[in-house]
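Colleague: For reference, the sequence and a predicted model appear below.
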Amino acid sequence: MIYIMRRTQLYLEEDVWNTLHTIAHQSGTTISELVRQAVREHYVAGSAQRKRAMEAFIGIRRNRPEFADSERYVRRLRSDSRLERIQRASARGK
């Protein structure tokens, strides 16, 4: 797999740099790799998690009986007024 990387420069406080330097030395990696990993976990992993949540949500209403005939459902929505729909929904809820 080919990775395209862009170079950037970061200014880190001395205590942060010292901590990263120690961790990098102990784990046999570089400060750059630690920063890349932290960014991936914090930003990229979060977007992957959001994507999974949205994929789980897709189709959540697919087994509802009123959607069995989607064309009829949409035509009914278009044929009456919003007020009538609210009144019907209110009557069902009583």
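Modeller: The structure has been received and is ready for your questions. Quick caveat: nothing in here was measured; it's all calculated off a predicted structure. Numbering: from 1, shown residues only.

Colleague: Can you name the element that comes right after the lowest-mean-pLDDT helix or strand in the chain?
Modeller: Lowest mean confidence among the helices and strands of the chain (mean pLDDT, DSSP states H and E): helix 45-57, at a mean of 74. On the C-terminal side of helix 45-57, the closest following helix or strand by DSSP states H and E is helix 70-79.

Colleague: and that following helix, average pLDDT?
Modeller: Averaging pLDDT along helix 70-79 gives 79.

Colleague: could I get the least confident helix or strand of the chain in PDB with only the CA atoms?
Modeller: Provided in PDB are the C-alpha atoms of helix 45-57 (Å, rounded to 0.1, in the frame of the first residue of the first chain):
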ATOM      1  CA  ALA A  45     -11.300   6.800  14.200                       C
ATOM      2  CA  GLY A  46     -14.000   9.200  15.300                       C
ATOM      3  CA  SER A  47     -15.300   9.700  11.800                       C
ATOM      4  CA  ALA A  48     -15.200   6.000  11.200                       C
ATOM      5  CA  GLN A  49     -17.300   5.500  14.300                       C
ATOM      6  CA  ARG A  50     -19.800   8.200  13.200                       C
ATOM      7  CA  LYS A  51     -20.000   6.500   9.800                       C
ATOM      8  CA  ARG A  52     -20.800   3.100  11.500                       C
ATOM      9  CA  ALA A  53     -23.500   4.800  13.600                       C
ATOM     10  CA  MET A  54     -25.100   6.400  10.500                       C
ATOM     11  CA  GLU A  55     -25.000   3.000   8.600                       C
ATOM     12  CA  ALA A  56     -26.700   1.400  11.600                       C
ATOM     13  CA  PHE A  57     -29.400   4.100  11.400                       C
END
